[in-house]
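Asks: sequence and predicted structure below; questions after.
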Amino acid sequence: MKQICVFGSSSEIIDRVYLDTAEELGKFLVHKGCGVVYGAGKYGVMGAVSRGARAAGGELTGVSPTFFNELDVLTRDYGKLIFTESMRERKAVMEDLADAFIICPGGIGTLEEFFEVITLKQLGRHNKPIIILNTLGFYDPMIDMLDRFVTQNFISENVHKLYSIASDIDEVWEQLENYTPFGYNKYDIK
């Protein structure tokens with residue numbers, strides 16, 4: 001795994017444990033020889049991941065739509081910065097650059113990013129690891145919702161094989177190292 005894309009919150013008013021965990025994740029990935037792809041934000045989980053990676057001397061690639069320039073929310077001195085015309089294009093660039101995805105706690109944007117990469121994976125557009133970093137059980141309600149979708153036959157139980165859940169950073173790395181691609185056909189309803 002050379003380039004790891006980290007999705008996460010841009011909020012600074014979240015519990016400090018999420019920010020501290022994200023900063024440690026950035027450092028950890030660099031110590032393991034990985035580059036970090038992220039949304040180029042200087043706040044929240046995104047900013048914390050980039051600060052951690054930068055402190056460890058890592059390679060960072062931030063991807064941002066040009067309109068974020070007006071909002072003064074970008075990290076400008078933390079490596080390579082790629083501008084796109086839209087949020088949709090931003091996600092595509094991040095997805096193309098990444099060898100794996102780590103989903104940290106976040107809001108609507110993070111959920112959108114997670115559901116896009118898992119949708120693309122179930123449609124066979126990539127077979128990269130998707131790991132949910134479930135700090136303090138943050139994603140338990142979403143996981144319960146996905147279980148409900150399975151029990152009501154809206155999605156196959158095999159969807160759960162398209163991602164994994166880690167409770168801490170060491171477990172994230174273990175799952176990255178031991179990743180085995182899972183062949184999945186969304187339309188095989190046997």
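Replies: Cool, the structure landed.

Asks: return the list of helices and strands in contact with the strand or helix carrying residue 54.
Replies: Per DSSP states H and E, residue 54 falls inside helix 44-55. Counting contacts by 3 or more C-beta pairs under 8 Å, 6 or more residues apart in numbering; DSSP states H and E, the secondary-structure elements packed against helix 44-55 are strand 3-7, helix 16-31, strand 35-38, strand 60-65. From N, CA and C alone the C-beta is placed, and that goes for glycine too.

Asks: for residue 14, give me its contacts.
Replies: With C-beta atoms under 8 Å, 6 or more residues apart in numbering as the criterion, the residues that contact residue 14 are 44, 45, 105.

Asks: closest one of those residues to residue 3?
Replies: When those are ranked by distance to residue 3 (C-beta to C-beta), residue 45 comes first, at 18.0 Å.

Asks: residue contacts, the closest one?
Replies: Neighbouring residues of residue 45 by C-beta under 8 Å, 6+ apart: 6, 8, 9, 10, 14, 18, 19, 22, 104, 105, 106.

Asks: ok, which stretches of this structure are strands?
Replies: Under the criterion DSSP state E, the chain carries strands at the ranges 3-7, 35-38, 60-65, 80-84, 100-103, 130-133, 164-166.

Asks: okay, those strands in CSV with mean neighbour count, distance to residue 94 and mean pLDDT next?
Replies: Compiled in CSV, the strands of the chain are given as follows (neighbours: other C-beta atoms under 10 Å; distance: least, C-beta to C-beta, whole Å; pLDDT from 0 to 100):
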stretch, mean neighbour count, distance to residue 94, mean pLDDT
strand 3-7, 26, 5, 98
strand 35-38, 26, 5, 97
strand 60-65, 21, 5, 94
strand 80-84, 16, 9, 94
strand 100-103, 25, 9, 98
strand 130-133, 23, 13, 98
strand 164-166, 17, 20, 98
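
Asks: any chance of these in JSON lines, plus distance to residue 175?
Replies: Rendered in JSON lines, the data for these read as follows (distance: least, C-beta to C-beta, whole Å):
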{"stretch": "strand 3-7", "distance to residue 175": "12"}
{"stretch": "strand 35-38", "distance to residue 175": "17"}
{"stretch": "strand 60-65", "distance to residue 175": "22"}
{"stretch": "strand 80-84", "distance to residue 175": "27"}
{"stretch": "strand 100-103", "distance to residue 175": "9"}
{"stretch": "strand 130-133", "distance to residue 175": "5"}
{"stretch": "strand 164-166", "distance to residue 175": "5"}
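
Asks: which one of those strands lies nearest to residue 185?
Replies: strand 130-133 (17.5 Å).

Asks: quick one: low-confidence parts of the chain?
Replies: Along the chain, the parts satisfying pLDDT under 70 run over 1, 78, 188-190.

Asks: skipping adjacent residues, who's closest to residue 25 in space?
Replies: Nearest residue to residue 25 in three dimensions, chain neighbours excluded: residue 169, at 5.4 Å (C-beta to C-beta, 6 or more residues apart in numbering).
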